[in-house]
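*Asks:* My questions concern the predicted model and sequence given below.
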Amino acid sequence: MKIRLFTPADVSQLAAIFEASVMQGSGEYYSFAERSAWAYIEGESRSDTYWLERLKGTTIWVAETENMLVGFINLKLGDDTEVEASAEIECLFVHPEYARSGVATTLYFALFEQVKALALKRLTVEASYLARPFFEKQGFRNTRRNEHKRFLNTLDKSKGQAAQVLVNFSMTLVL
């Protein structure tokens, strides 16, 4: 497995990893409706344009094996106005076929080398039920349980249908 920096040519594979991870890998923790509200926009896969915009301004590492991406992680530096130098891990997703094979750990260690080089004092993440044990193993502490309301589509929202409630956890690692 090779860890390298993301290039825009990787975006379609990155999007596929995200979708597979959410729709297949998170089934133990989230219902099909919750996973659909998380993975899709208006019932459609998130576009390459969406991902390029979403990840703009972050550093992204990808895990590649046999010329195929199997995972990714990204780091967003904190606001310059912060007193304490910090960053957020916005995404860590591994294709379910490569789950529990060291991909997430290897990606995290690549990111952590950058964190050390920048002498950051704090690292944060909003972790899913699936990711929370991984981050706890890395020393992160849970600070808050979050509930995010998401609609499957705008028609459901306009009809007053109930939103899907996605639970995740704010976690912090003090360095």
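*Replies:* Ah, there it is.
*Asks:* the bottom helix or strand of the protein by mean pLDDT?
*Replies:* helix 154-158 (a mean of 67; mean pLDDT, DSSP states H and E).
*Asks:* In the protein, spot the helix with the most residues.
*Replies:* Using DSSP state H to assign secondary structure, the helix with the most residues in the chain is helix 103-117.
*Asks:* Sticking with the residue lying closest to residue 89 once chain neighbours are set aside, tell me its helix or strand.
*Replies:* Once flanking residues are discounted, residue 89 sits nearest to residue 125: 4.2 Å by Cβ to Cβ, 6 or more residues apart in numbering. Where C-beta positions appear, they are placed from N, C-alpha and C, glycine not excepted. Using DSSP states H and E, residue 125 falls within strand 122-127.
*Asks:* Break down the chain into its strands, ranges please.
*Replies:* Along the chain, counting by DSSP state E, strands occupy 2-5, 40-41, 44-45, 59-65, 68-77, 86-94, 122-127, 141-150, 164-174.
*Asks:* could the ones you listed go into TSV alongside mean pLDDT, mean neighbour count and distance to residue 34?
*Replies:* What follows is those, written out as TSV (pLDDT from 0 to 100; neighbours: other Cβ atoms under 10 Å; distance: least, Cβ to Cβ, whole Å):
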stretch	mean pLDDT	mean neighbour count	distance to residue 34
strand 2-5	97	13	31
strand 40-41	88	16	11
strand 44-45	87	12	17
strand 59-65	97	20	26
strand 68-77	97	21	22
strand 86-94	95	22	16
strand 122-127	96	20	15
strand 141-150	93	11	8
strand 164-174	95	17	5
